[in-house]
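*Asks:* can you look at this prediction? I've put the sequence above it.
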Amino acid sequence: MSSNNSKSTTLLDRILSIEIVRVAERAAVAAAMQRGRGNEMEADKAAVDAMRRELSKLPIDGTVVIGEGERDEAPMLFIGEKVGNKKGPKIDIAVDPLEGTTLCAKNMPGAIATLAMAEGGTLLNAPDVYMEKIAIGPGYPKGVVELDRPAGENIVRLAKAKGVKPSDITALILDRPRHADLIAAVRKTGAAVSLITDGDVAGVIHTAQPDTTGIDIYLGIGGAPEGVLAAAALRCIGGQMQCRLVLDTEEKRARARKMGIKDPRKIYGMEEMVRGDCVFAATGVTEGNMLKGVRFKEGYIETETVVMRSATGTVRWVRAEHRQLEKFGLD
């Protein structure tokens, strides 16, 4: 291992234990201050501002490779933005400062602040477009499901691999008009469909613990940033995932080419989207199945964060009480 890789690995160790948690916590608390106020843009901006402030303090030469959008559309944490104090190794960063802006604005369950970090040059650098996705948890033969197979066939193959009937399988799908045919195809096999309004990073993670979540497979089209973040999480806890960018216009294909994507129809496996050691963290903003939301108490704030690392397969749950309220802009 080169000395630069050693530095990256050592830094990831430190980020895993402290820094990445703090970055996610600060974004989550900032967003939580906007819960239920009906303003998605303000909630997202609060999370972005807080996450960017914390990232700027880290001892890294960081690049946002998956972010809020491209430079023209996103004033901060845009794809290609440099973060950190430039005094450490090169690190790739994928961020979704507030996954579930609508959930936060309406104070509905499941909003989270999330990010992933990896050694420089190892995260998929992709434009802010839609992405086709399929994901299952660990313990299955490789290739049991495939992105280009019909949905019904994937359900039947998964049920066979699990040793159950298709009617015992539950698929998680974003509740969107574009998924009407997909939902019908899944239900035709006898499988159940669980619909979500937002939050497909958590949705993919749910497939890794079907006994707890009741979710066996994730299917459908969502955002590319969420796809890379979900792949980072699955790299840490196990599973299979395949994705393809939806580059359905020449303008999108041109943007992708600028980022080094030569084949617009390429199917990316989990290991291609996240090629090296990575850490992933998510903090609950609103109450959810995966994480408790931020709780404002008399004199302190409670947060809950999950942080994972792919090299060790470690998953840590961090329940924190924050008493220095001025650090969050409160007193």
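*Replies:* Okay, I see it.

*Asks:* the one helix or strand residue 155 maps to packs against which elements?
*Replies:* According to DSSP states H and E, residue 155 maps onto helix 151-162. In terms of contacts (3 or more Cβ pairs under 8 Å, 6 or more residues apart in numbering; DSSP states H and E), helix 151-162 is packed against helix 180-188, strand 217-223. C-betas here are computed from N, CA, C, even on glycine.

*Asks:* and after that helix, which helix or strand comes next?
*Replies:* Criterion used, DSSP H and E; the element after helix 151-162 is strand 170-174.

*Asks:* same question for that following strand: list its buried residues.
*Replies:* Buried residues in strand 170-174, counted by 16 or more other Cβ atoms under 10 Å: 170-174.

*Asks:* show me the shaky parts of the stretch 1-150 of the chain.
*Replies:* 1-17, 72 (pLDDT under 70).

*Asks:* the helices in it, which residues?
*Replies:* 3-14, 20-32, 40-56, 101-105 (DSSP state H, counting those that start in this stretch).

*Asks:* go through the shortest one and flag the buried ones.
*Replies:* Think helix 101-105. By 16+ other Cβ under 10 Å, the buried positions in helix 101-105 come out as 101, 103-105.

*Asks:* give the contact list for residue 231.
*Replies:* Contact partners of residue 231, counting by Cβ atoms under 8 Å, 6 or more residues apart in numbering, are 124, 241, 243, 270, 273-274.

*Asks:* between those residues, which sits nearest residue 255?
*Replies:* Distance to residue 255, by Cβ to Cβ, is smallest for residue 124 among the contacts of residue 231, at 14.1 Å.

*Asks:* burial measure for the residue lying closest to residue 292 once chain neighbours are set aside, as a count.
*Replies:* For residue 292, ignoring the flanking residues on the chain, the nearest one in space by Cβ to Cβ, 6 or more residues apart in numbering is residue 304 at 4.3 Å. Burial of residue 304 is recorded as 21 neighbouring residues (other Cβ atoms under 10 Å).

*Asks:* quick one: residue 304 is in a helix?
*Replies:* No - per DSSP: H, G, I helix; E, B strand; the rest coil, residue 304 lies outside any helix segment and is strand.

*Asks:* that one against residue 317, yeah?
*Replies:* Yes - the pair residue 304 and residue 317 qualifies as a contact (Cβ atoms under 8 Å) at a distance of 7.0 Å.

*Asks:* quick one, phi psi at the most centrally placed residue in the chain?
*Replies:* Taking Cα atoms, centre = their mean as the criterion, residue 229 is the residue nearest the geometric centre of the chain, at 3.1 Å. Here is the backbone geometry of residue 229 (degrees, to the nearest 10): phi -60, psi -40.

*Asks:* next up, the contacts around it.
*Replies:* Residue 229 makes contacts with 66, 94, 96, 99, 114-116, 201, 280, as judged by Cβ under 8 Å, 6+ apart.

*Asks:* for those, give me TSV that also has neighbour count.
*Replies:* Output for the contacts of residue 229, formatted as TSV (neighbours: other Cβ atoms under 10 Å):
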residue	neighbour count
66	28
94	31
96	30
99	29
114	33
115	27
116	30
201	29
280	31
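
*Asks:* residue 290: which of those is nearest?
*Replies:* Closest approach to residue 290 among those (Cβ to Cβ): residue 201, at 9.4 Å.

*Asks:* just confirm the closest one is within a helix.
*Replies:* Yes - counting by three-state DSSP, residue 201 is found in a helix.

*Asks:* can you pull the contacts of it?
*Replies:* With Cβ under 8 Å, 6+ apart, residue 201 has these contacts: 96, 99, 112, 114, 226, 229-230, 233, 282.

*Asks:* do the same with residue 227
*Replies:* Here residue 227 is in contact with 131, 133, 200, 243, 273 (criterion: Cβ under 8 Å, 6+ apart).

*Asks:* between the buried residues of helix 101-105, which is nearest residue 290?
*Replies:* residue 103 (12.6 Å).

*Asks:* noted, bye for now.
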